[in-house]
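1. Attaching a predicted model along with its sequence, questions to come.
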Amino acid sequence: MVEMDNIEKKDLQGANFIKTKLEGADFIEANLEKANFIGSNLQGANFKGANLKEANLQATELQGVNFQEANLHRAKLQVATLYGADLQRANLQEANLQGANLQRADLQDVNLQEANLQ
């Protein structure tokens, strides 16, 4: 079991965090490929440089989250709240952002190639 105060650089591939409260958690450079965060509250969490390839973040509260340089390739972000999130230089290639709230999100140098934004 990983302690929630020490998540940085951990290998949590395929981990389940369904409906979990992880506000302000540090996931810096963590491997979260195919992790499941459906319905979780991650407000203010730090995912800088994290690998979230094919992660499921549907209906997740991501307000003010730091996704700088994170890999979100093919991530599921439908109906997620990304209000004010920092996505600078993040990879959102082929990500599904259908119905996501991107108001005030920083999208500078984001890769949105083939992403679903409808």
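-> Structure's in. What do you need?
2. Below-threshold pLDDT in the protein: ranges please.
-> 1-6 (pLDDT under 70).
3. how about 90 then?
-> Along the chain, segments meeting pLDDT under 90 span 1-10, 118.
4. can you tell me which residues contact residue 82?
-> 62-63, 65, 100-102, 105 (CB atoms under 8 Å, 6 or more residues apart in numbering). For glycine as for every other residue, the C-beta is placed from the backbone atoms N, C-alpha and C.
5. mind listing which of the residues you listed are in strands?
-> Secondary structure defined by DSSP state E assigns none of the contacts of residue 82 to strands.
6. hang on, residue 116 packs against residue 98?
-> Yes - with contact defined as CB atoms under 8 Å, residue 116 reaches residue 98; the gap is 5.3 Å.
7. Highest neighbour count among the contacts of residue 82?
-> Within those, most neighbours by other CB atoms under 10 Å means residue 65, with 30 neighbours.
8. Quick check, that residue in contact with residue 37.
-> No - counting by CB under 8 Å, residue 65 sits too far from residue 37 to count as a contact (10.8 Å).
9. which one of the contacts of residue 82 sits closest to residue 46?
-> Among the contacts of residue 82, residue 65 lies closest to residue 46 (CB to CB), at 7.5 Å.
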